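Undergrad: Pasting the sequence and the predicted coordinates here, then a few questions.
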Amino acid sequence: MSGTKEIQAKEKQEVSVPAEHTKPGPVFTPAVDIFETEKNLTLLADLPGVKSDKLNIDLRDNVLTLTADVTPWEGADEEDLLIEYEIGRYLRQFTLSEVIDQDKIDAQLNDGVLRLTLPKVEKATPRKISVKAA
Amino acid sequence: MIFRRPFYSPTWVLGSAFEELDRMRRQLDEMSGGLEQRPYRLLGARVFPLINLSENKDNYYVRAEMPGLKADDIGISVAGNNLSISGERKIASEGENVRYHRREREAGTFNRVIALPGEVDADKVEAKHVDGILTVVIPKAETAKPKQITIR
């Protein structure tokens, strides 16, 4: 495995939420990759511990919002000896500049990674209108 | 009207210097991660993966967030009291004609050794990887388990 770099441990980034939440607890911003091809905009987000039914993806007015809840996985009889990361909800928002075909959005959650494919709306093909002389 | 703050009077020049020092010290404290608020946060280890370690009567539990890794990518071994977690996180290439807007997810190798606080039964260690969370359950050795002693 020589030649590949070592991963640096990154502390989870906590976000301060503008609106007050009904549920207490920290909120984190997940690490994402976003890339674009001619047809799609794809977003990959690291959401460890999130089950698919606890993940919410919302797109409205060109704002994409990801929220995810995490169920604490520790047993009730366990006592903490060392805590290096905290468990909390995830929240991240993006403003999209492209127009997205909402019906064809595809989301997959595998091993704690969300893959969200957002197909761009095909641009209206310019049509030439010929004027017929009467 | 003049309001006077305790321990500080504008005429005492040294006092304001001390206050300045105090303010700087507070800022430094805040920069070092707000230690007062979260006394349990470990600052020493900066090795991937970050872990949470807990115990109950019978087992130690080590949990790490490792999204996107497959079980095959992770190697776990126990030698004496040391648990080692190693492997590689791969992020597949998305092809040629791709323009990246953001790249925050990291790929790379990792190797971490965790010293467990007590004797363990290395033969019965179990590990699972669900939803990007690695859980290693390490049973305590019989000698290390707490013994209930009845008072006669």
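TA: On my side now, so go ahead. Numbering: from 1, shown residues only, chains lettered A, B, ... in the order given.
Undergrad: since we're on residue 56, how many residues are nearby?
TA: Since you didn't name a chain, this refers to chain A. Neighbour count for A:N56, taken as other C-beta atoms under 10 Å in any protein chain shown: 12. The C-beta positions use only the backbone N, C-alpha and C, and glycine is treated the same way.
Undergrad: wait, I meant chain B there
TA: Neighbourhood size, B:N56 [other C-beta under 10 Å]: 14.
Undergrad: what kind of secondary structure is the residue nearest to it when sequence neighbours are not counted in?
TA: Using C-beta to C-beta, 6 or more residues apart in numbering or on different chains and skipping residues adjacent in sequence, the residue nearest B:N56 is A:D77, 4.5 Å away. Judged by DSSP: H, G, I helix; E, B strand; the rest coil, the three-state class of A:D77 is coil.
Undergrad: neighbours around A:D77, how many?
TA: By other C-beta under 10 Å, 11 other residues sit near A:D77.
Undergrad: isn't it right up against B:K57?
TA: Yes: using C-beta atoms under 8 Å, A:D77 is in contact with B:K57, at 7.2 Å.
Undergrad: Pick out the residue of chain B closest to chain A.
TA: B:G132 (1.9 Å; C-beta to the nearest C-beta).
Undergrad: Hmm, that residue is touching A:V113, no?
TA: Yes: assessed by C-beta under 8 Å, B:G132 is found in contact with A:V113 at 6.7 Å.
Undergrad: which residues are common contacts for the two?
TA: Shared contacts of B:G132 and A:V113 (C-beta atoms under 8 Å, 6 or more residues apart in numbering or on different chains): A:46-47, B:67-68.
Undergrad: which one of those has the most neighbours?
TA: Of all the shared contacts of B:G132 and A:V113, A:L47 has the most neighbours under the rule other C-beta under 10 Å, reaching 28 neighbours.
Undergrad: Now do the least confident helix or strand in chain A by mean pLDDT: which elements does it pack against?
TA: Lowest on mean pLDDT, DSSP states H and E among the helices and strands of chain A sits strand A:13-14, with a mean of 80. Other helices and strands packing on strand A:13-14, by 3 or more C-beta pairs under 8 Å, 6 or more residues apart in numbering or on different chains; DSSP states H and E, are strand A:27-29.
Undergrad: Next, see if the strand it packs on gets close to chain B.
TA: No: Strand A:27-29 stays clear of chain B (C-beta under 8 Å from any C-beta of the partner chain), getting no nearer than 9.5 Å.
Undergrad: what's downstream of that strand, the next helix or strand?
TA: strand A:32-36 (DSSP states H and E).
Undergrad: per-residue confidence averaged over that next one?
TA: Here strand A:32-36 scores 93 as its mean pLDDT.
Undergrad: which is the next helix or strand following it?
TA: Going down the chain from strand A:32-36, the next helix or strand is strand A:40-46, by DSSP H and E.
Undergrad: Which is the succeeding secondary structure element to that next one?
TA: For strand A:40-46, the following helix or strand on the C-terminal side (DSSP H and E) is strand A:55-60.
Undergrad: That next one vs chain B: in contact?
TA: No: with C-beta under 8 Å from any C-beta as the criterion, chain B is not reached by strand A:55-60; the gap is at least 10.6 Å.
Undergrad: Okay, now the sheet partners of that strand, with direction.
TA: strand A:63-68 (antiparallel) (DSSP bridges).
Undergrad: who's in contact with the partner strand?
TA: Contact with strand A:63-68 is made by A:30, A:43, A:45, A:47, A:50, A:54-59, A:89-96, A:114, A:118, as judged by C-beta under 8 Å, 6+ apart.
Undergrad: now the helices for chain B?
TA: Applying DSSP state H to chain B gives helices spanning B:13-31.
Undergrad: what residues are up against B:A79?
TA: By C-beta under 8 Å, 6+ apart, the contact set of B:A79 is B:A122.
Undergrad: next one: A:V50
TA: A:68-70, A:90, A:109, A:112, A:114, B:131-132 are the contacts of A:V50 under C-beta under 8 Å, 6+ apart.
Undergrad: Kindly indicate which of those residues lies nearest B:G80.
TA: Among these, B:G132 lies closest to B:G80 (C-beta to C-beta), at 28.9 Å.
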